[in-house]
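Asks: 3D, please:
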Amino acid sequence: MSDLSSPNWFTEQCENTGLALSLRIKHKVVEKHSRFQKIEIYETTDFGYLMVIDGCTMVSTRENFLYHEMMAHPALFTHPNPQNVVIIGGGDCGTLREVLKHDSVNAVHQVDIDALVTQMAQTYFPELCERNQDPRAHLIYDDGIEFMHKTLPESLDIIIVDSTDPIGPGEGLFNRAFYTSCLNALRTDGILVQQSESPILHQKLIKEMRQAMLEVGFSDVQTIPFPQPIYPSGYWSCTLARKDGEFGEFRQSDAETFSKQTEYYNEAIHQAGMRLPSFLKKVL
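Replies: Presented below is the predicted three-dimensional model:
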C-alpha cells in the first residue's frame, strides 16, 4: 500500500469534513507567490498537470472540462439570447473558453484579482487559454466585488462567479451585498451562476447561498450537481439564480447541436442536472 504522506503524492486535507484527496505526482514543477496567494503546479502520473492554490486543488489537464462546461453552458442555454457576459474569477480561462463558443455572445469581461493564475495557465494549460485572443474577450485583473459594484444597471445577461472557496480572496463573493450588485447589473432575463462547492460536504453553505440570493430579489434558484474528480468528495455543484421568472425550459435543440463542441455537457445532462437528487431536495 502506498504511503500517501510521501513526496510521491499531493494530498489536500479537509480537516472540517474528515476527508482527504490525493493525487500521485511525478514532481512539483513550480511554486510561485503573488500578493494574494501561493500557486503551485505539479506533474501527476495520471491527470496531467495540476494547479494548486493555497493548498487546494484547482484544475488538472485530464478532467477540467467537467467544471468549465457546467459553469457555462446550462446558464447560457437557459438564457434566450446571451450577449454580454462577465466572469468573476476564472483566471485559468477555461470557463472563458466555453462561453466564447457561443456565437450570440458579443463580449466577455473576465475579472480575476490575480494575473499570476492566468500566466501559469497560459504556460501549463494552454488549451484552456486558446480563446484569450478572441476580440470578444476582455481580461481584467482587478477586484471582482468592486467591479460588480460599479457595473451599470441592467447591462449584463450572464454573470458567472468562477471563484475559489469562500475563504481568502473569494470570501466576499458569497454574501448579500455582492448578490445585490449582481442583481442590479443583470437585465430582465439575466442569470447569475456561482460555483457552490460540494453537495455532499457543504450543504449548509449551499442552502445559505440560495436563501441569500432569494432574499436580495432573485426570483428563482437552481443548484446543479456534477462530477469533479479532483475536488473533495468528487461531487461538485453550481447554483443558478434568475432575475425574473422560473427555471424550466431551455434552448434544448440548440444545446443538442452544440454538444458536438463539448465533452460532458449535452441536452440530456442539462435536463438531468435541473432535477435535484432526493437527498438534496430534503436539505435545500
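Asks: in the stretch 151-284 of the chain, which segments are predicted with low confidence?
Replies: 164-174 (pLDDT under 70).
Asks: can you map out the strands along it?
Replies: 156-162, 186-195, 220-227, 235-242 (DSSP state E, counting those that start in this stretch).
Asks: Spit out the contact partners of residue 207.
Replies: By C-beta atoms under 8 Å, 6 or more residues apart in numbering, residue 207 lies in contact with 283-284. Where C-beta positions appear, they are placed from N, C-alpha and C, glycine not excepted.
Asks: what are the ranges of the helices in the stretch 1-150 of the chain?
Replies: For the stretch 1-150 of the chain, applying DSSP state H, counting those that start in this stretch gives helices covering 64-78, 94-99, 115-124, 144-150.
Asks: Pull the third one out as CSV, backbone CA atoms only.
Replies: Output in CSV follows, covering the C-alpha atoms of helix 115-124 (Å, rounded to 0.1, in the frame of the first residue of the first chain):
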residue,chain,number,x,y,z
ALA,A,115,-2.8,37.9,-13.0
LEU,A,116,-0.4,35.1,-12.0
VAL,A,117,-3.1,32.5,-12.2
THR,A,118,-3.6,33.3,-15.9
GLN,A,119,0.1,33.5,-16.5
MET,A,120,0.5,30.0,-15.1
ALA,A,121,-2.5,28.7,-17.1
GLN,A,122,-1.0,30.0,-20.3
THR,A,123,2.2,28.1,-19.6
TYR,A,124,0.8,24.8,-18.3
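Asks: that older thread, most packed of the helices of the stretch 1-150 of the chain?
Replies: helix 94-99 (a mean of 26; mean count of other C-beta atoms under 10 Å).
Asks: related to what we said a few turns ago, would a markdown table of the strands of the stretch 151-284 of the chain with distance to residue 263 and mean neighbour count be doable?
Replies: Formatted as a markdown table, the strands of the stretch 151-284 of the chain follow (distance: least, C-beta to C-beta, whole Å; neighbours: other C-beta atoms under 10 Å):
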| stretch | distance to residue 263 | mean neighbour count |
| --- | --- | --- |
| strand 156-162 | 18 | 26 |
| strand 186-195 | 19 | 22 |
| strand 220-227 | 12 | 20 |
| strand 235-242 | 16 | 23 |
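Asks: so which of those strands comes closest to residue 16?
Replies: strand 235-242 (17.0 Å; C-beta to C-beta).
Asks: for that closest one, packing partners?
Replies: Applying 3 or more C-beta pairs under 8 Å, 6 or more residues apart in numbering; DSSP states H and E, we find strand 235-242 packed against helix 64-78, strand 186-195, helix 203-216, strand 220-227.
Asks: at 6 Å instead, please
Replies: Counting contacts by 3 or more C-beta pairs under 6 Å, 6 or more residues apart in numbering; DSSP states H and E, strand 235-242 packs against helix 64-78, strand 186-195, strand 220-227.
Asks: Quick check: which of the helices of the stretch 1-150 of the chain is nearest to residue 186?
Replies: For the helices of the stretch 1-150 of the chain, distance to residue 186 was read as C-beta to C-beta. The smallest value, 10.4 Å, belongs to helix 144-150.
Asks: quick one: average pLDDT of the closest one?
Replies: Helix 144-150 comes out with an average pLDDT of 94.
Asks: what's next to it, contact-wise?
Replies: 88, 111, 172, 178, 181-182 (C-beta atoms under 6 Å, 6 or more residues apart in numbering).
Asks: How about the most centrally placed residue in the chain, nearest residue that isn't a chain neighbour?
Replies: By C-alpha atoms, centre = their mean, the mean C-alpha position of the chain lies nearest to residue 162, the distance being 3.5 Å. The shortest distance from residue 162 to any non-neighbouring residue, by C-beta to C-beta, 6 or more residues apart in numbering, is to residue 90 (3.6 Å).
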